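Asks: Next input, structure requested:
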Amino acid sequence: MRHGGLLALSMLVLHAANWLYHIVMSRALGPIEYGALSAVLGLLLLFTVPAHAIQMGMSAMVAREGMDAAGRGFPRGRWPTGTILFGVGAYAVLVGVSPWISSLFGLSSTTAIVVGASVLIPWSVLPYFRGWLQGHQRSAALGVSLTAEGVVKLAVAAFLVSQGLGVVGAISGVSLGAFAALLLTVPTRRFTQPDLPRRVHRSETLDVALAPYLLAVSAFSVLTQADVIVVKILFPAHEAGLYAAASTAGKIILYVTAPLAMVMLPEMVRRGPRSPEGRAVLLRGVRYAGALGGACVALYLAAPATLIRVLFGPGYADAAPLLGWLGLGMLAYELALLGMYYQLGAGGRGGLWSIIALAVIFPALALGVGKSVLAVAVLVAGLGAVSCTAVWWRVWPLLRGSSGGHGLGVVPHAEG
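Replies: This next block holds a predicted model:
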């Protein structure tokens, strides 16, 4: 409870800052520029999939291996270097294609893309260290890292936009917030102590262990983020801005339930995913997610127009019909994600392939139904329901199974 409480508090500050960021930017920029900003952010988030997978996989690995016996050390190897190179490489790619992206998103210059893409460098490194802190339940240090990113992002963006820098100022806040978090995270922790056991810190083993997390996070990122990009491409700028506001409101569900997955995964693996204690961790997480997300959906369905006007202003009132559908989709995706993390922690892979298949066909389906933004919102809700059903169809037999499963699919040490 202490670990979960501290982490929930820090995540609350982070997501409150992120939410205020979107409220301030939507009002300061207007629907057209805010739609472009949301599309750029959605594109950047898709590039962070490998790093986020590392954080969740590292937290489960650290929790399972009992790092205290190894000196609570941080694993040395090629993974930190590899993630940095990925961030630099992704930045170079986006800079190279920035003229095309700027034209596609209706930006007047490439500056927003060039500046915004720099966030991929700290984002590619931060989750590696945060996963170590998360697995060790170092909640205070992890909280400092998380809250610093959100607060600096909001403060810098608000100041620069007030100075007339528009989308460039808004995206600059995102990048500088991530760099500030990185500066506060790395020097404050003793990341140079002894290694993990060799079988864990070797890159080959890490590749195998973290690959399922990479695939899962990739699929869910496409399903929850790509809709804003597709809408920006298919529809006029004003409609895309309205959809971006509704999508941002719908993702409140993901924001308020995010701490559950971060606490649940390492704690569940530490107790044994198929043990009664491990199953109880999952079920508590699902109940909390259902209660929090269900309350949000009820509000979306009861008073969507009022909520949109309060959050984004009267200029976004036409986005109200989208909110209920997007909220239902986000709640379904969050429940599916909790189930997927449990399955991965228990060594299962079955539901993963269903989610990957849905992510692959989602862009084509979105293009096919792209006659209205409402049709896209209904598609998001429908695929969310299918995702949740597919995952829990596989999770339910694990919940009923016997104890003794091992997370990450790594064979445990032989004892004695």
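Asks: What residues does residue 28 make contact with?
Replies: 161, 162 (CB atoms under 8 Å, 6 or more residues apart in numbering). Glycine gets a C-beta too; all of them are placed from N, C-alpha and C.
Asks: so how far is residue 170 from it?
Replies: 8 Å (CB to CB, to the nearest Å).
Asks: In contact with residue 11, which residues?
Replies: 146, 258, 259, 262.
Asks: if I read this right, the first one contacts residue 10, doesn't it?
Replies: Yes - using CB atoms under 8 Å, residue 146 is in contact with residue 10, at 4.7 Å.
Asks: the more surrounded of the two?
Replies: Of the pair residue 146 and residue 10, residue 146 is the one with more neighbours under other CB atoms under 10 Å, namely 27 against 23.
Asks: Tell me the first helix or strand C-terminal of the lowest-mean-pLDDT helix or strand in the chain.
Replies: In the chain, no helix or strand scores lower on mean pLDDT, DSSP states H and E than helix 198-201, which sits at a mean of 41. Downstream of helix 198-201, the first helix or strand assigned by DSSP states H and E is helix 203-234.
Asks: Now that next one: buried residues?
Replies: Of the residues in helix 203-234, those buried by neighbour count under the rule 16 or more other CB atoms under 10 Å are 205-206, 209-210, 212-232, 234.
Asks: circling back: residues shared between the contacts of residue 28 and residue 170?
Replies: residue 161.
Asks: Tell me which stretches of the stretch 301-416 of the chain form helices.
Replies: Taking DSSP state H, counting those that start in this stretch, the helices of the stretch 301-416 of the chain run over residues 304-312, 320-345, 350-368, 373-400.
Asks: Show me where the stretch 151-300 of the chain has its strands.
Replies: Taking DSSP state E, counting those that start in this stretch to define them, one finds no strands in the stretch 151-300 of the chain.
Asks: pLDDT weak spots in it?
Replies: Residue ranges of the stretch 151-300 of the chain with pLDDT under 70: 187-210, 266.
Asks: can you give me the helices for it?
Replies: Going by DSSP H, counting those that start in this stretch, the stretch 151-300 of the chain shows helices at 166-185, 198-201, 203-234, 237-250, 252-271, 276-302.
Asks: Need those in CSV (columns: distance to residue 371).
Replies: Below are those laid out as CSV (distance: least, CB to CB, whole Å):
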stretch, distance to residue 371
helix 166-185, 28
helix 198-201, 51
helix 203-234, 9
helix 237-250, 12
helix 252-271, 26
helix 276-302, 23
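Asks: For residue 376, find the nearest of the ones you listed.
Replies: Closest to residue 376 of the helices of the stretch 151-300 of the chain is helix 203-234 (CB to CB; 5.8 Å).
Asks: Tell me how far residue 100 lies from residue 43.
Replies: Distance from residue 100 to residue 43, by CB to CB: 12 Å.
Asks: between these two, who's got more neighbours?
Replies: residue 43 (21 against 11).
Asks: contacting residues for the residue nearest to residue 13 when sequence neighbours are not counted?
Replies: In space, and not counting its chain neighbours, residue 13 is closest to residue 147: 4.4 Å by CB to CB, 6 or more residues apart in numbering. Residue 147 is in contact with 10, 13, 14, 17, counting by CB under 8 Å, 6+ apart.
Asks: Stretch 369-381 - what's its average pLDDT?
Replies: Across stretch 369-381, the average pLDDT comes to 87.
Asks: Run through who's touching it.
Replies: With CB under 8 Å, 6+ apart, stretch 369-381 has contacts from 223, 227, 230-231, 234-235, 239-240, 242-243, 246, 321-322, 325-326, 328-330, 332, 362, 365-366.
Asks: Just say which of the helices of the stretch 151-300 of the chain is most tucked in.
Replies: helix 237-250 (a mean of 25; mean count of other CB atoms under 10 Å).
Asks: chain center to it: distance?
Replies: 19 Å (CA atoms, centre = their mean, to the nearest Å).
Asks: now swap in stretch 357-369 and tell me
Replies: 20 Å.
Asks: Going by neighbour count, which residues of that stretch are buried?
Replies: Buried residues in stretch 357-369, defined by neighbour count with 16+ other CB under 10 Å: 358, 359, 362, 366.
Asks: could the residues you listed be laid out in a markdown table, adding pLDDT?
Replies: Shown next, in a markdown table, are the buried residues of stretch 357-369 (pLDDT from 0 to 100):
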| residue | pLDDT |
| --- | --- |
| 358 | 89 |
| 359 | 87 |
| 362 | 87 |
| 366 | 82 |
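Asks: Go through this protein and flag its longest helix.
Replies: helix 2-47 (DSSP state H).
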